[in-house]
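J.: A predicted structure for the sequence below; I have some questions about it.
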Amino acid sequence: MRYDTVIIGAGMSGLSAGVRLAYYEKKVCILERHTTIGGLNSFYRLRNRNYDVGLHAITNYAKPGTKNGPLSKLLRQLRMTWDDFDLCPQLKSSIVFPGVRMQFTNDFSYFQDQVIHSFPAQADGFLRLLKRIDEHDPLNLDRVAVSAREVVSEYIRDPLLVDMLFCPLMFYGSATPRDMDFSQFVIMFKSIFYEGFGRPFEGIRQILKRLVKHFKSLGGQLRLRAGVQQIRQKDGMATSVVLDDGSEIEADHVLSSAGAAETMRLIDPTASIVRPVAGDISFVESISVLDCEPSALGHQDTIVFYNNAPEFRYERPVDPIDLRSGIICSPNNFDYAQPLEDGRIRITALAEPDYWMNLPAEDYVAEKARWNERIIESAISHLPDFRSHVIDTDVFTPRTIRRFTGHDNGCVYGAPEKFVNGQTSLKNLYLCGTDQGFLGIVGAMLSGITIANRYLLK
């Protein structure tokens, strides 16, 4: 069978690209190696409870009916409604470093006041930085990468404020140790601070299921358990994909959300071509199920980005887990009309991929349990001690991420070098998703749409 476009990966970017193409009556097939959809942002059921993978919150929140902004644009491009996403706003989040706590909501003026109150000597520089952010076009697909730390340091002289601004943005979207591209900084700054956080009451499964239903209603085909082992080529063009079962599918175009290094390996498994360097920023996440709402214990924050060390070090750690910093998220602390089925606390920290990849199977479960205790202990100074209320736990590691995404090193945000224009060495093979460069859930979806619009709908 031949298609106009074959899409590798049924994550947010692949599904969104599929919807966009199918709407214009393109013959599209999305191929997914696993038994479920979502990629980095999926869901699962364990011991009769639903869990989200990856989702703390959806950035770029906007109130229903908003005419401008990324979320509004996304819904228009997909021909979907606000009810399809059904986002509820965050209550309040915090950035906590030694001696300083800054809070933010989905009202940017509140955060701006927090920065100026906490760092009065940096007020003028911060306002000038905001002007620079407003004037920058981060969606220019022909842009050149520039160090965000160098740009921000032109305006803000206090290294503590610099670190506090970078902490949430890097945890939520940087593939680069200790830094990020300024365009990525602008995208994440706007999505987190200007627009803010929201979450569907039913979690990420609600958006994924709506995307799949919409895609299929437009005539698109989704195939699960259909991993791609090779992209065949001739004369600089992709001609077909070969699946794990040996079957072959021909297509005029191939769009891959598998990652740059991973996609190049599908073109040439022998490594005779130069491949992009895979990213190595990965995480461990501890998920605790409670017998009560976190608010009942006095924890009101939606998300806490914390750093317990004198400096914030965002990099691949030497130890199995970097206990100096992390993210605390309570999915309960959004503005829902009714409570969730149970209380949750999620704690995320940087992880050393090789340690978790190479653990013997007989040691893996015990090590997850041991480090889970240490993660909670390192974070407990930033929320009430909830440990006596835990009724169930789960932990995922870089090993889990690699298993369900295929990403080298279990990397979450892809390679440090982005393929912003989506082009590869083959004229009709394009990249979308994390290695194209639009990050976050809304960003990933816009990535698939943008590449589809630019190359596949001409």
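T.: Nice, I can see it. Numbering: from 1, shown residues only.

J.: Domain-wise, how is this structure divided?
T.: The chain is divided into the following domains under automatic domain parsing: 2-87+202-277+416-456, 91-195, 280-405.

J.: Can you add mean neighbour count and mean pLDDT and give the ones you listed back as TSV?
T.: All C-beta spots, glycine's among them, are computed from the backbone N, C-alpha and C. Output for the domains of the chain, formatted as TSV (neighbours: other Cβ atoms under 10 Å; pLDDT from 0 to 100):
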stretch	mean neighbour count	mean pLDDT
domain 2-87+202-277+416-456	20	92
domain 91-195	18	95
domain 280-405	18	96
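
J.: what separates the one helix or strand Ile231 maps to from the chain centre, distance-wise?
T.: In this structure, Ile231 sits in strand 228-234 according to DSSP states H and E. Its chain's C-alpha centre and that of strand 228-234 lie 27 Å apart, by Cα atoms, centre = their mean, to the nearest Å.

J.: Name the strands paired with that strand and say parallel or antiparallel.
T.: Applying DSSP bridges, strand 228-234 is found paired with strand 237-243 (antiparallel).

J.: got the contact list for the partner strand?
T.: 6, 8, 31, 226-233, 248-251, 253-254, 266-267, 426-429 (Cβ atoms under 8 Å, 6 or more residues apart in numbering).

J.: For Lys92, give me its contacts.
T.: Gln103, Phe104, Thr105, Gln300, Asp301, Thr302, Asn333.

J.: quick one: the last one and Asp301 touch, right?
T.: Yes - counting by Cβ atoms under 8 Å, a contact exists between Asn333 and Asp301, whose distance comes to 6.4 Å.

J.: Mutual contacts of those two, please.
T.: Counting by Cβ under 8 Å, 6+ apart, the residues touching both Asn333 and Asp301 are Leu91, Lys92.

J.: Against Arg265, how distant is Met12?
T.: 22 Å (Cβ to Cβ, to the nearest Å).

J.: ditto for Ile156
T.: Distance, Ile156 to Arg265, using Cβ to Cβ: 41 Å.

J.: just His34 next, same as before
T.: 18 Å.

J.: And Arg143, by the same measure?
T.: Distance of Arg143 to Arg265, given as Cβ to Cβ: 27 Å.

J.: swap in Gly54?
T.: 23 Å.

J.: same thing with Tyr24?
T.: Plainly put, Tyr24 is 31 Å away from Arg265 if you go by Cβ to Cβ.

J.: show me where the protein has helices.
T.: Ranges of helices in the chain, per DSSP state H, are 12-23, 70-78, 82-85, 108-118, 123-135, 148-153, 159-171, 182-189, 204-217, 260-267, 353-358, 361-379, 398-405, 440-451.

J.: TSV for the ones you listed, including distance to Gly433?
T.: Below are the helices of the chain laid out as TSV (distance: least, Cβ to Cβ, whole Å):
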stretch	distance to Gly433
helix 12-23	4
helix 70-78	15
helix 82-85	19
helix 108-118	28
helix 123-135	24
helix 148-153	21
helix 159-171	19
helix 182-189	14
helix 204-217	14
helix 260-267	10
helix 353-358	19
helix 361-379	27
helix 398-405	10
helix 440-451	6
